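1. No letters, just coordinates:
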């Protein structure tokens, strides 16, 4: 919700200013204490309230949001003025205006206290009690009397029936979990005694249920269970009478699904099953789809993205509409809009229940998912950076905001609101996505609360009222071939309060006077290759947006030039990502950016940190990632300045003095480093003595080496003993030599191993207990390797072997390993062979 996000954002700003080694403005401590007290009170209220009418709550939330935004505008305007032009507003004027905002928050706090006093004990858990009466949006409500079968879920139906009919004496709980709208499609008969039962207390109802079931074999279906606590409340009413009874639970929450054993996960329908389901609802059983409608009909089914409820709703609409190709083409272009409006917005209400039951701290993060383009595969590292930069993440002692953000994401995935698209080699979520209907829900809620505006495809201008928007997303659809962004760009001149711009279209974005901007993420498809482009990004202009926390742009600065020292003005910069055709040299002022967390360039060379003088004291204690750094010098001063670095990508070009000057032995002093990518680029191989001082820290979890030309014997001394190493990627000539023989007691936690283009390797000698936790093995471009050791298949944790352009002998040995494991009853191993 926008109010909660506004409170978190304001608290974050105050904290950043107070903790900054060079605070751009100063506060009156009494005002800070009063303001913080009000913010904490209102935050606690929003986290715990569940009473009052929805209309009254929305008015109150709007007041909280407006007051927090007023304080935010006042403080950040003061910061920008102070940095750029000295004082435009006197300190007394600033403190006076801030005092008025604090008083306004005090009035809101007083009203909240009255609301709490008047409602204590009257309505408990209001939202949960009313969730089943939201316009018939329960997942069990019947979509139609036209069908009553589990269309498209034949295998799942068999699995469920097997569990229900299995003979055993104990009570069995069978959970079924999936996204809202993916539920079983059944017709429910009206229970005539519902009104009588609804008038009973919880205890009376429970006693009646227990008595009626005692001594009997029973089947209970509990639809849409929203918490483990809700299950605990009703569980005690069901007798464990040894009759082989069953309780089937449907839920959208993975933690609820863990209540029972052998649960069932309902996935989305594939394209064929989606089409079958659509046909059942559009046509009578004896009627086939007309040939002229089949192609466009399959497109409509595909647009529903496998969600049964969406298919049923659109099928009901098509069943009562004219069957012409022109009309069906209209439906295919507007599927989501029609689904959300059809049947009294039933589909939207079913999905909105999932949003209503979200904890308040997850609501801003979920609504923000709408800022990404439709059907976009979202890189999680980007999502985390954006959530943190927006100030959505509530601090937790002992955890970085990035760690908390990933926990938030996991919660949304567990609630089936965000989908895992791809996991990385370390098992963490690398890409995620969101169903189009849920994205539409995000945008509806976000625009209603003025939390976020995203331009719809084919919208020529930004609607009126957007001038007060704080977050704006503009994306060019692939279908918008003749889209002209000029009207949209013109409208952007009148959004003085905008804090976030996330854009993706073919023209460049002119950087107007977005003086309060905090997030600038712009991807321009033509920027690098179009010599006739109208707009170019100037880092000088970008760096004058001094309130920026996240910069992600493309730039075409001249080859080998540095970027301007005005980067020093970015007092709160956290993420700096610049893509372009050339490498750059950073100015010394980059060592003054104490809030910096993430730095990425196509190629960046860092200067030595200043020694002595006023800038000597600055430590980049927040810095977590440095990627694509050229000729990185890991001297003692550098190590001292980046003590908390967790991800480092460095590469080296041939230089006369060799590697000794780079002090690579100091890498071992980076005690928080978890991921290292080390590459060597040269026309000739490095001397095997160049890396003799190459020392790695025990904290490493992921290591990627490329063209380092180490000996296989070095593996035992430099890498194999790393106690936390989980991912090892050995790329092009990272190791040289014909034979690799492993030893026991190493790679104790390795889960992922890639060997790619180590072309000398002929013989790999190992044992199954040398990689005790290996899960995934990938071998690429190993033309001389004679075989995969057969003992690899005996590793109990092994899940997959992937081969690309390997010798025939390697392929044969992999298939033999697979056959041996299948013969032994291990059916979980997968072998993939590409380009046989």
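-> It's in. Just so you know, these numbers come straight off a predicted model, no measurement behind them.

2. Mind telling me what element the residue nearest to residue 468 when sequence neighbours are not counted is part of?
-> Closest residue to residue 468 apart from its sequence neighbours, by Cβ to Cβ, 6 or more residues apart in numbering: residue 497 at 6.0 Å. C-beta coordinates here come from the backbone N, C-alpha and C atoms, glycine included. Assessed by DSSP states H and E, residue 497 sits outside every helix and strand.

3. so who does residue 497 touch?
-> 69, 73, 467-470, 516 (Cβ atoms under 8 Å, 6 or more residues apart in numbering).

4. Turn the residues you listed into CSV, columns for neighbour count, distance to residue 279 and secondary structure.
-> Output for the contacts of residue 497, formatted as CSV (neighbours: other Cβ atoms under 10 Å; distance: Cβ to Cβ, whole Å; DSSP: H, G, I helix; E, B strand; the rest coil):
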residue, neighbour count, distance to residue 279, secondary structure
69, 21, 51, helix
73, 16, 55, helix
467, 13, 48, helix
468, 12, 47, helix
469, 19, 43, coil
470, 23, 46, coil
516, 21, 53, coil
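
5. Flag the least confident of these.
-> On pLDDT alone, residue 467 ranks lowest of those, at 77.

6. Dihedrals phi and psi, the closest residue to that one other than its chain neighbours?
-> Once flanking residues are discounted, residue 467 sits nearest to residue 494: 5.0 Å by Cβ to Cβ, 6+ apart. Backbone dihedrals for residue 494, given as degrees, to the nearest 10, come out at phi -120, psi 40.

7. try residue 629
-> phi -100, psi 130.

8. which ones are touching the closest residue to it other than its chain neighbours?
-> Of all residues not flanking residue 629 in the chain, residue 650 sits nearest, at 4.9 Å (Cβ to Cβ, 6+ apart). Shown in contact with residue 650 (Cβ under 8 Å, 6+ apart): 626, 629-630, 632, 676-679.

9. Residue ranges in the stretch 101-250 of the chain under the pLDDT threshold?
-> For the stretch 101-250 of the chain, applying pLDDT under 70 flags the ranges 119-154, 183-199.

10. what's the closest non-adjacent residue to the residue nearest to the spatial centre of the chain?
-> Taking Cα atoms, centre = their mean, the centroid of the chain lies closest to residue 380, which sits 4.1 Å from it. Distances taken as Cβ to Cβ, 6+ apart place residue 429 nearest to residue 380, at 5.1 Å, with adjacent residues excluded.

11. Quick check: that neighbour touching residue 412?
-> No: counting by Cβ atoms under 8 Å, residue 429 sits too far from residue 412 to count as a contact (10.5 Å).

12. What separation do you get for the residue nearest to residue 380 and residue 334?
-> 32 Å (Cβ to Cβ, to the nearest Å).

13. Which of the two has more residues huddled nearby?
-> residue 429 (21 against 12; other Cβ atoms under 10 Å).

14. Next up, phi/psi of residue 37, please.
-> Taking degrees, to the nearest 10 as the convention, residue 37 sits at phi -60, psi -50.

15. what's the burial count for it?
-> Other residues close to residue 37 by other Cβ under 10 Å number 14.

16. do the same with residue 698
-> 12.

17. same thing with residue 403?
-> Residue 403, neighbours per other Cβ under 10 Å, totals 13.

18. Same check on the one 4 residues further on?
-> Neighbour count for residue 407, taken as other Cβ under 10 Å: 12.

19. helix or strand for it, which one?
-> helix 401-414.

20. After that helix, which helix or strand is next? Please name it.
-> strand 419-423.

21. Give me the helices and strands touching the very next helix or strand once past that next one, please.
-> Proceeding N to C from strand 419-423, the next assigned helix or strand is strand 429-433, under DSSP H and E. Packing partners of strand 429-433 (3 or more Cβ pairs under 8 Å, 6 or more residues apart in numbering; DSSP states H and E): strand 378-379, helix 380-390, helix 401-414, strand 419-423.

22. Each with direction, which strands does strand 429-433 pair with?
-> Sheet pairing of strand 429-433 (DSSP bridges) gives strand 378-379 (antiparallel), strand 419-423 (antiparallel).

23. what residue ranges in the stretch 551-700 of the chain are flagged as low confidence?
-> 556-562, 613-616, 654-660, 682-693.

24. Correction: the previous question concerned the stretch 251-400 of the chain.
-> 260-262, 285-286, 342-344.

25. can you do 90?
-> Along the stretch 251-400 of the chain, the parts satisfying pLDDT under 90 run over 251-270, 273-274, 276-291, 303-323, 330-331, 333-357, 373-376, 398.

26. quick one on the thing from earlier: report the two of the contacts of residue 650 separated the most.
-> Using Cβ to Cβ, these span at most 15.5 Å, a distance reached by 630 and 676.

27. Specify which residue of the two has the higher count of neighbours.
-> residue 676 (22 against 18).

28. Reduced to three states, what does the more buried one come out as?
-> Secondary structure for residue 676, judged by DSSP: H, G, I helix; E, B strand; the rest coil, is strand.

29. try the one 4 residues further on
-> Under three-state DSSP, the three-state class of residue 680 is strand.

30. I'd guessed it sits against residue 709; true?
-> Yes: in this structure residue 680 lies within contact range of residue 709 using Cβ under 8 Å: 7.5 Å.

31. residue with max distance from the center of this structure?
-> Relative to the chain centroid, the chain (Cα atoms, centre = their mean) has residue 215 farthest, 48.9 Å.

32. which of the residues in the host helix or strand of residue 110 are buried?
-> Using DSSP H and E, residue 110 maps to helix 91-119. Going by neighbour count (16 or more other Cβ atoms under 10 Å), the buried part of helix 91-119 is 94-95, 97-98, 101-102, 104-106, 108-109, 112, 115.

33. Check stretch 750-759 too.
-> Neighbour-count burial for stretch 750-759 [16+ other Cβ under 10 Å]: 750-758.

34. One more: stretch 416-428?
-> So, applying 16+ other Cβ under 10 Å, buried residues of stretch 416-428: 416-419, 421, 425.
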